[in-house]
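*Asks:* with the input below, show me the fold.
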Amino acid sequence: MSEIDIAGDEPLLALLLAAEPDDVCLLVDYITDSGKGRISLAGTVKEFLHQAREDKTFDKDVLALLVHELRMFGGNSITNLFRSGGVTYKEIATDVLSHVGGKSTDSDDLGTIELKVLQRLLDKAWDKMSKEARAQFAEKFGESDAANPFSFTHFLNRMGFGHAATLDVTSFISASLGANLLGASAVLGAEMLMGRLAGLALGPIGVALGAGLAGYSLASPAFRITLPCVVQIAYIRQKGMQPRLPGGKP
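*Replies:* Numbering: from 1, shown residues only. Next up, the predicted model:
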């Protein structure tokens, strides 16, 4: 499959090659609609990706195809008439950021754009959270005490700059999106939904995130794919930046 055009997205391919298979599985689910297929996705491509997902075996060819399909979903039909490889992942991430009401600058790298998407989603969810849900969020992700009460704005500003909760909150957002868009049963087996994050993603905070999404055009087939994929790739990127323990886990 060397003819697959993913020019400009070689770094994304390398990121996915280094990712844990369980984390890539969710990307395949978004692209293939959990194996049910999509009108704009060739049946042979769907079967190829779904089989790799079942086997949890993602080699370079499989991942190049996955990146290619994401690029095709990210570009509109007019763009794709002139660009056989679709649009680059950075263009997709920038478009998603714009769609959720954020702004990028020319100096933003991909990691920064992804974090801005996460911040916008959290900000929208915070508006929808009850007082109890906000307290739960602060307890799980904040670093507050009586002398320094939790500040949501301060929390957002610290994301990506050494904040200890960045990976956890990214995991939570991705799990919540999976539960909202694919159904809880589709993501319950994923590593990100195990342990204490399961209750958050399926509980009041996850519901608030889903309510926040209602303000966006999720009726758009492409956006229902690109938004959660950008969030999941952000999770994979953040996870890859964490120090490794002896057992290989961050």
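*Asks:* tell me, how many residues neighbour residue 25?
*Replies:* By the criterion of other Cβ atoms under 10 Å, residue 25 has 19 neighbours. Glycine gets a C-beta too; all of them are placed from N, C-alpha and C.
*Asks:* what's the closest non-adjacent residue to it?
*Replies:* In space, and not counting its chain neighbours, residue 25 is closest to residue 53: 5.2 Å by Cβ to Cβ, 6 or more residues apart in numbering.
*Asks:* which other residues reach whichever strand or helix holds that neighbour?
*Replies:* Here residue 53 sits within helix 43-55, counting by DSSP states H and E. Outside helix 43-55, the residues that touch it by Cβ atoms under 8 Å, 6 or more residues apart in numbering are 24-25, 28-29, 31-32, 35, 37-38, 58, 62, 65-66, 69.
*Asks:* repeat that with 10 Å
*Replies:* 1, 21, 24-29, 31-38, 41-42, 57-59, 61-63, 65-66, 68-69, 72 (Cβ atoms under 10 Å, 6 or more residues apart in numbering).
*Asks:* flag every buried residue along it.
*Replies:* Across helix 43-55, burial judged by 16 or more other Cβ atoms under 10 Å covers 45, 46, 48, 49, 50, 52, 53.
*Asks:* take those and lay them out in JSON lines including distance to residue 222.
*Replies:* Formatted as JSON lines, the buried residues of helix 43-55 follow (distance: Cβ to Cβ, whole Å):
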{"residue": "45", "distance to residue 222": "16"}
{"residue": "46", "distance to residue 222": "16"}
{"residue": "48", "distance to residue 222": "21"}
{"residue": "49", "distance to residue 222": "17"}
{"residue": "50", "distance to residue 222": "20"}
{"residue": "52", "distance to residue 222": "22"}
{"residue": "53", "distance to residue 222": "21"}
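*Asks:* would you mark the buried spots in stretch 201-220?
*Replies:* Quick answer for stretch 201-220 (16+ other Cβ under 10 Å): 201-202, 204-210, 212-213, 216, 218.
*Asks:* let me fix that, I meant to ask about stretch 5-25.
*Replies:* Buried residues in stretch 5-25 (16+ other Cβ under 10 Å): 6, 9, 12, 13, 15, 16, 19, 20, 23, 24, 25.
*Asks:* determine which two of these are furthest apart.
*Replies:* 6 and 20 (21.1 Å; Cβ to Cβ).
*Asks:* if you rank every helix and strand of this structure by mean pLDDT, what lands last?
*Replies:* Lowest by mean pLDDT, DSSP states H and E among the helices and strands of the chain is helix 77-82, with a mean of 49.
*Asks:* quick check: mean pLDDT across whichever helix or strand comes after it?
*Replies:* Under the assignment DSSP H and E, the closest C-terminal helix or strand after helix 77-82 is helix 89-99. Averaging pLDDT along helix 89-99 gives 93.
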